[in-house]
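> okay, sequence plus prediction incoming.
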Amino acid sequence: MAVSVASVAPQWIRASLEHKDGRDPLGLQTTTQDRLMPALLPDINELTRRARYLSFYAFILDEYRKANGPLVKSQLSSYLKAREWELGLAVLRCPNKCGSAPVGANKLRGIDLGADKLPRGESVDSANGGYGLYYRTTMVAFDLSVPAGRPLGDSVTPIDVVSPRERARNLAAAYRSSIAGTDYFTRYWSTTDPIPRGVVEELAETACLCRLEQFTDERELLSEAMFVAPDPEVEDATEQRRRSIAHFLTVLDTDATIAEENSRFRQLLWDATGSRSSAHREVADQWAGLVVKDLFQDALCSIWTHLLREALAAGGLDGLSRDGVDQVLQRLTAGPPALDPNGLATEQLAALKLSSHPELLRVEIEQADTATAGLAGLLAVAELASARDSTSWRTITSEGSSWQPSVQQVAVDVDRFLQARPTLTELMRWVVRRYVFGPHERIAYSKLPDFTFRFRSGPDGLRFFPLDGRRFILAAIRDSTMTTLTEDLGYRTGEDPARVTERGHEFIQQVLG
């Protein structure tokens, strides 16, 4: 039977818009990721989690140079990914059963790790592998590697190379010496043959990410790379990194559960008084500012999710008139908990009697997941903006993004609006239009042709779209990263519960007094 031409879509046609959920629909995560974390913990990314990878990559880049590898980016990329794969095999076969997660772990777990011979492969499907994804920025910042395109001597290097600085050479040499006597390095390094499982397990005994405790010289070199500025122009960033890591250890010393409990970590960041010294008070105030920013995020998130639920239930897929939108906004004030939409906003929200602790309040708001709880959180943010009075506190709480204001600006905006003694409904309308409608549309338009709109305005109102309406998550604040790095450097134990070591206490004393 003949098929109608009209019923068959041409295979060369594709949609001009691709619908995606988008990860940061109100532009709040970017404040943490792009502004706050680089200021709080410079040059250490969320997934730059294992100190020994810095030694490993210095060694790999040095070996590639020693072998006269082609000065071609794709060739270096394949070399890096192959070596990451082999180290990953060793980590997953570690006799200590340390549980370390190597670069490319997902691909590696797809093979039979108990086989007599283990295959060669490449770690991750990305240029320069895990080095490019997770560690390159840090390696360059610590002057352990020189990126492609940067001057090196009298020329410009076409590929990433190990830094000529002595600290980088020493670090490469330290890692090389740890594996120099293994069958892997002496017999299998320059082949592409499958590697016997016993050879991989022998390599793991010296090369695994967990083995720094037995290579104290290498560990000292890593500490120097992280905490000693190679040049005067990076002294401020290095000192900030030292203070943040030391502050993390003081918080860990208060309650070891923070290594597993993110909310408890945030509680203690707020509670920390920083009484050791003025330097400690400064860094404690910085991290406390991050806690208030995340309260702002989850307050808006609860308003956001409640709005989407109500709008879709009211027929938002077909479009809501301006009056229809106003009706939805008024329904947001119904709770739970139930409040009087025509009552004075400050009185109605005060009656909720939520926690005065910013982190405990954030958790309550997240669990309530309603717009009224979100409003209470927003008013708390405005009050907390003046909770501390230090330069470091105001610096962090004055950071916003291109999409959302800072905590300090929120306080100014909210205080000004409250002077008119608005009703709960009036406050809800103002907050949604100020912090939700405008930012989301600007963000979604900026991402076209990826279509990430949850709603879109037209001449007659708003039309809503059935993309993901669940809560968006808080951006990572490096607690997991600091947990593993401090263990690698010998500042805390890996036991459960963890504790700060003597070496860690010495570091705290040196940095914070």
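Arrived safely, thanks for sending. Quick caveat: nothing in here was measured; it's all calculated off a predicted structure. Residues are numbered from 1 along each chain as shown.
> how many other residues sit next to the residue lying closest to G149 once chain neighbours are set aside?
Taking C-beta to C-beta, 6 or more residues apart in numbering, and ignoring the residues beside it in sequence, G149 has V156 as its nearest neighbour in space, at 6.2 Å. Using the backbone N, CA and C atoms, a C-beta is placed for each residue, glycine as well. Residues near V156, counting by other C-beta atoms under 10 Å, number 11.
> over to L203?
Close neighbours of L203, defined as other C-beta under 10 Å, add up to 25.
> can you list the weak-confidence ranges in the protein?
Per-residue confidence of the chain (counting by pLDDT under 70) places the weak regions at 1-16, 274.
> can you give me the strands in it?
Listed in chain order, the strands found in the chain under DSSP state E are 18-19, 117-118, 145-146, 151-152, 155-156, 161-162, 195-196, 320-321, 450-451, 455-458, 461-464.
> I'd like the ones you listed as JSON lines, with distance to R83 appended.
Converted to JSON lines, those look like this (distance: least, C-beta to C-beta, whole Å):
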{"stretch": "strand 18-19", "distance to R83": "36"}
{"stretch": "strand 117-118", "distance to R83": "14"}
{"stretch": "strand 145-146", "distance to R83": "14"}
{"stretch": "strand 151-152", "distance to R83": "22"}
{"stretch": "strand 155-156", "distance to R83": "25"}
{"stretch": "strand 161-162", "distance to R83": "14"}
{"stretch": "strand 195-196", "distance to R83": "12"}
{"stretch": "strand 320-321", "distance to R83": "57"}
{"stretch": "strand 450-451", "distance to R83": "35"}
{"stretch": "strand 455-458", "distance to R83": "48"}
{"stretch": "strand 461-464", "distance to R83": "50"}
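> looking at those strands, which is nearest to T250?
In terms of C-beta to C-beta, the element of these nearest to T250 is strand 145-146, at 31.8 Å.
> residues in contact with that closest one?
With C-beta atoms under 8 Å, 6 or more residues apart in numbering as the contact definition, strand 145-146 has outside contacts at 57-58, 61, 136, 139-140, 152, 157, 160-164, 168.
> check stretch 54-64 too.
Here stretch 54-64 makes contact (C-beta under 8 Å, 6+ apart) with 76, 79-80, 83, 87, 131, 135, 138-139, 142, 144-145, 160-163, 168-169, 171-172, 174-176, 207, 218, 221-222, 225.
> so which of these are in helices?
76, 79-80, 83, 87, 138-139, 168-169, 171-172, 174-176, 207, 218, 221-222, 225 (DSSP state H).
> kindly supply the PyMOL command isolating those of those residues that are buried.
The following PyMOL command selects only the buried members of the ones in helices among the contacts of stretch 54-64, with burial defined by 16 or more other C-beta atoms under 10 Å:
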select buried, resi 76+79+80+83+87+138+139+168+171+172+174+175+176+207+218+221+222+225
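> quick check: domain ranges of this structure?
Domain segmentation of the chain under automatic domain parsing yields 15-45+249-513, 52-208.
> format these as TSV; extra columns: distance to P232.
Compiled in TSV, the domains of the chain are given as follows (distance: least, C-beta to C-beta, whole Å):
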stretch	distance to P232
domain 15-45+249-513	15
domain 52-208	13
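> between these, which one is closest to R242.
Taking C-beta to C-beta as the criterion, R242 comes closest to domain 15-45+249-513 out of these, the separation being 4.9 Å.
> distance between that closest one and the chain's centre?
Its chain's C-alpha centre lies 15 Å from the corresponding centre of domain 15-45+249-513 when counted by C-alpha atoms, centre = their mean, to the nearest Å.
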